[in-house]
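1. Just need the structure, nothing else, for what follows:
(4 chains)
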4 protein chains.
Amino acid sequence: MGGKTQIRVRYQETDQMGLAYHGNYLAWMEVGRTEWFRELGMPYKLFEEKGVMLPVVEMGCKFTSPIRYDDLVTVETEVTHLTPVRITFSYSLITDKRAADGFTTHAFVNREGRPVNTAKKYPDIWKWLEENFGN
Amino acid sequence: MGGKTQIRVRYQETDQMGLAYHGNYLAWMEVGRTEWFRELGMPYKLFEEKGVMLPVVEMGCKFTSPIRYDDLVTVETEVTHLTPVRITFSYSLITDKRAADGFTTHAFVNREGRPVNTAKKYPDIWKWLEENFGN
Amino acid sequence: MGGKTQIRVRYQETDQMGLAYHGNYLAWMEVGRTEWFRELGMPYKLFEEKGVMLPVVEMGCKFTSPIRYDDLVTVETEVTHLTPVRITFSYSLITDKRAADGFTTHAFVNREGRPVNTAKKYPDIWKWLEENFGN
Amino acid sequence: MGGKTQIRVRYQETDQMGLAYHGNYLAWMEVGRTEWFRELGMPYKLFEEKGVMLPVVEMGCKFTSPIRYDDLVTVETEVTHLTPVRITFSYSLITDKRAADGFTTHAFVNREGRPVNTAKKYPDIWKWLEENFGN
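-> Below is the predicted model of the structure:
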């Protein structure tokens, strides 16, 4: 029921305010969904090898508590919406308290960047998605 | 009536999908609001020198058309909400077409990271904000 | 005799030491050589469209004076070595004083990542390189 | 005799050539020395809490074999030079083969950015450094 992984905040990810720069949270969310997919037996790399890519079409994040250098951050990842053409992940970033909540919505596209209906074009991928994240 | 600046997409900002990685859009939005503040005579640096910092407390972005390597992107910036404790910027990112729309909401905090009411604690800053962005 | 371009240091590029993180200098050097090539009439994009890519095979940098948020940095770029299989750029990064000196050496490779001899395989590219940077 | 840690290449770290962008190697080297210091009982964070910072004054890297998305990279770190005012780390980045060799040289500076002689000003830090990395 959801993935859980940890990242350690790099010095490179801080800014002169002494916080982690907000743009980096997106990379940590990427780590969250990637490690979860790997754990479920379907590394994201396999999607691309099959010709399916998942560019982000929408994202959002609320920052409630600062994240700082060297913090160990737990990234909890869930799929909160799934259709044959889109998938939405939701994330909680947790230090010693809940630090941020975000989401990313991805389209399924082919190598030319055109939207694809996975149920029709990639039934094996769709089956895996539905089994793991369908409701 | 809003700021307008341009950025050129760096190779470093692309990913192996051949697109600009979504996390980088936040840095471009930062350039958008920064250059606009500079143009209005109040470089963001001055805020920090006076002891006021503007961490991001919420952000969001919709991606409608891809942005690629070497694209020249126009970043249009507006203030869409202003109170003595928060400010929200909205952005449109435009290549040959509208590519993305986003926003960032910032809290005003002091050097210790505590929220400040600019109208009370920094009346000169508040005056400048209200004159430029108030409605 | 060399290219000259300017970058403005982004907040995202700072770290909690209050300096620009050293890894970002590489991205600025990239801007330096890219803008110079564009000015000379051969945007780097054209190389890739012709099937030639220039991955970095060696790099180095000495940091002599700090670069900080919002600094306007002049990047001076030169070609200091050129053969049909490699090209070396040298860079000076200058604020109000000389801040850093670096270099990047690039191999010419094809889309499969294999080294190519531009003089043999891409004589038009080689001619342009030699005319502009040969000694 | 030296530290060993692993990083997983993020999508964010790739570029459109399908490789990890060279500037990111510096962040991985940072992870290498950071995790090693932690393992030795002296997290880098403690240096900064004591008032000592280690900005990079020189760096270099040779890239011998590509590093790609999702690669698991072993970062081997050693101290190859140590004086009371400077420290040099050397790194090997290894995938299924040796992919890159680099180094970073850091100055010891105080909060104002002035060079400090650790043997004189921070004898406890110097003692720890010499015990662990002296020859």
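
2. Give me the number of neighbouring residues for A:Ser65.
-> A:Ser65: 12 surrounding residues under other Cβ atoms under 10 Å in any protein chain shown. All C-beta spots, glycine's among them, are computed from the backbone N, C-alpha and C.

3. Wait, it touches A:Ile94, no?
-> No. Using Cβ atoms under 8 Å, A:Ser65 is not in contact with A:Ile94; the gap is 9.2 Å.

4. So which bits of chain A are right by chain C?
-> Residues of chain A lying close to chain C by Cβ under 8 Å from any Cβ of the partner chain are A:11-12, A:14-19, A:21, A:23, A:69.

5. where does the most centrally placed residue in chain A fall, helix, sheet strand or coil?
-> Nearest to the geometric centre of chain A sits A:Arg33, at 3.7 Å (Cα atoms, centre = their mean). Recorded secondary structure, A:Arg33: helix (DSSP: H, G, I helix; E, B strand; the rest coil).

6. got a list of what the spatially most distant residue from the centre of chain A touches?
-> The centre of chain A is farthest from one residue, A:Gln16, which by Cα atoms, centre = their mean lies 26.8 Å away. Listed by Cβ atoms under 8 Å, 6 or more residues apart in numbering or on different chains, the contact set of A:Gln16 reads C:11, C:14-19, C:69.

7. Could you rerun that using 7 Å?
-> The neighbours of A:Gln16, taking Cβ atoms under 7 Å, 6 or more residues apart in numbering or on different chains as the test, are C:14, C:16, C:18, C:69.

8. Can you convert the residues you listed into JSON lines and add a column each for pLDDT and secondary structure?
-> Formatted as JSON lines, the contacts of A:Gln16 follow (pLDDT from 0 to 100; DSSP: H, G, I helix; E, B strand; the rest coil):
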{"residue": "C:Thr14", "pLDDT": "98", "secondary structure": "strand"}
{"residue": "C:Gln16", "pLDDT": "96", "secondary structure": "coil"}
{"residue": "C:Gly18", "pLDDT": "95", "secondary structure": "coil"}
{"residue": "C:Tyr69", "pLDDT": "98", "secondary structure": "coil"}
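
9. of all the residues you listed, which two lie farthest apart?
-> C:Gln16 and C:Tyr69 (11.8 Å; Cβ to Cβ).

10. any chance you could map the helices in chain A?
-> Per DSSP state H, chain A carries helices over the ranges A:24-39, A:44-50, A:118-121, A:123-133.

11. Assess the claim that the residue nearest to the centre of chain A and A:Val75 are in contact.
-> No. Applying Cβ atoms under 7 Å as the test, A:Arg33 and A:Val75 come out as separate, 8.7 Å apart.

12. picking up where we left off before, and for the residue farthest from the centre of chain A, nearest residue in space, chain neighbours not counted?
-> Excluding its sequence neighbours, the residue lying closest to A:Gln16 (Cβ to Cβ, 6 or more residues apart in numbering or on different chains) is C:Thr14, at 4.1 Å.

13. tally of neighbours for that neighbour?
-> C:Thr14: 22 surrounding residues under other Cβ under 10 Å.

14. ok, now A:Tyr21?
-> 25.

15. For the closest residue to it other than its chain neighbours, grab the count of nearby residues.
-> Ranked by Cβ to Cβ, 6+ apart and with sequence neighbours excluded, the top spatial neighbour of A:Tyr21 is A:Asp15, at 4.4 Å. By other Cβ under 10 Å, the residues close to A:Asp15 number 23.

16. What's the separation between A:Asp15 and D:Met59?
-> 21 Å (Cβ to Cβ, to the nearest Å).

17. Then A:Lys121?
-> Distance, A:Lys121 to D:Met59, by Cβ to Cβ: 46 Å.

18. of those two, who's got more company?
-> It is D:Met59, of A:Lys121 and D:Met59, that has more neighbours when counted by other Cβ under 10 Å, with 25 against 14.

19. for the more buried one, what are its contacts?
-> Counting by Cβ under 7 Å, 6+ apart, the residues that D:Met59 touches are C:22, C:60-61, D:26, D:102-104.

20. what number of residues lie near the closest residue to A:Gln12 other than its chain neighbours?
-> The shortest distance from A:Gln12 to any residue other than its chain neighbours is 4.3 Å, reached at D:Ala27 (Cβ to Cβ, 6+ apart). D:Ala27 sits with 19 neighbouring residues when counted by other Cβ under 10 Å.

21. Name the residues of chain A found near chain B, please.
-> By Cβ under 7 Å from any Cβ of the partner chain, the residues of chain A that approach chain B are A:17, A:19, A:22-24, A:26-27, A:53, A:55-63, A:66, A:113.

22. beta partners for A:Arg86?
-> Beta-bridge pairing for A:Arg86 (DSSP bridges): A:Ala107.

23. how much space between it and C:Arg86?
-> Distance, A:Arg86 to C:Arg86, by Cβ to Cβ: 45 Å.

24. what do you get for A:Lys4?
-> A:Lys4 is 46 Å from C:Arg86, where distance means Cβ to Cβ.

25. With A:Asp70 instead?
-> Distance, A:Asp70 to C:Arg86, using Cβ to Cβ: 39 Å.

26. A:Gly102 too?
-> Using Cβ to Cβ, A:Gly102 is found at 43 Å from C:Arg86.

27. Among those two, which residue is more densely surrounded?
-> A:Gly102 (23 against 16).

28. show me what contacts the nearest residue to that one once chain neighbours are set aside?
-> In this structure, A:Gly102 finds its nearest non-sequential neighbour in A:Cys61, 3.4 Å apart by Cβ to Cβ, 6+ apart. Contacts were defined as Cβ under 7 Å, 6+ apart; by that measure A:Cys61 touches A:25, A:100, A:102, B:59.

29. Please repeat the previous calculation with a cut-off of 10 Å.
-> A:22, A:25-26, A:29, A:91, A:93, A:100-104, B:26, B:56-61, B:104 (Cβ atoms under 10 Å, 6 or more residues apart in numbering or on different chains).

30. repeat for A:Asn132
-> A:Asn132 touches A:36-37, A:40-42, A:79, A:82, counting by Cβ under 10 Å, 6+ apart.

31. Which residues of chain A lie near chain D?
-> A:7-8, A:10-13, A:23-24, A:26-28, A:30-31, A:34-35, A:38, A:43-45, A:48, A:54, A:68-71 (Cβ under 10 Å from any Cβ of the partner chain).

32. Repeat the analysis, applying 8 Å as the threshold.
-> Near chain D, when you scan chain A using Cβ under 8 Å from any Cβ, you find A:8, A:10-12, A:26-27, A:30-31, A:34, A:43-45, A:69-70.

33. Going through those, which ones are buried?
-> Neighbour-count burial (16 or more other Cβ atoms under 10 Å in any protein chain shown) applied to those gives A:10-12, A:26-27, A:30-31, A:34, A:44, A:69.

34. tell me the two of those residues that are most distant?
-> Greatest spacing in these, by Cβ to Cβ: A:Tyr44 and A:Tyr69 (27.7 Å).

35. Identify, from the residues of chain A next to chain C, the entry nearest to chain D.
-> Among these, A:Gln12 lies closest to chain D (Cβ to the nearest Cβ), at 4.3 Å.

36. could you give the mean pLDDT of stretch A:49-63?
-> Averaged across stretch A:49-63, pLDDT comes to 97.

37. so A:Val109 sits right up against A:Lys121, yeah?
-> No. Contact criterion Cβ under 8 Å: A:Val109 and A:Lys121 do not qualify, at 10.8 Å.

38. mind listing what A:Thr118 touches?
-> Contacts for A:Thr118 (Cβ under 8 Å, 6+ apart) come out as A:52, A:84-85, A:108, A:125-126, A:129.

39. tell me which of those is nearest to A:Asn135?
-> Looking at the contacts of A:Thr118 and their distance to A:Asn135, the nearest is A:Leu129, at 11.9 Å (Cβ to Cβ).
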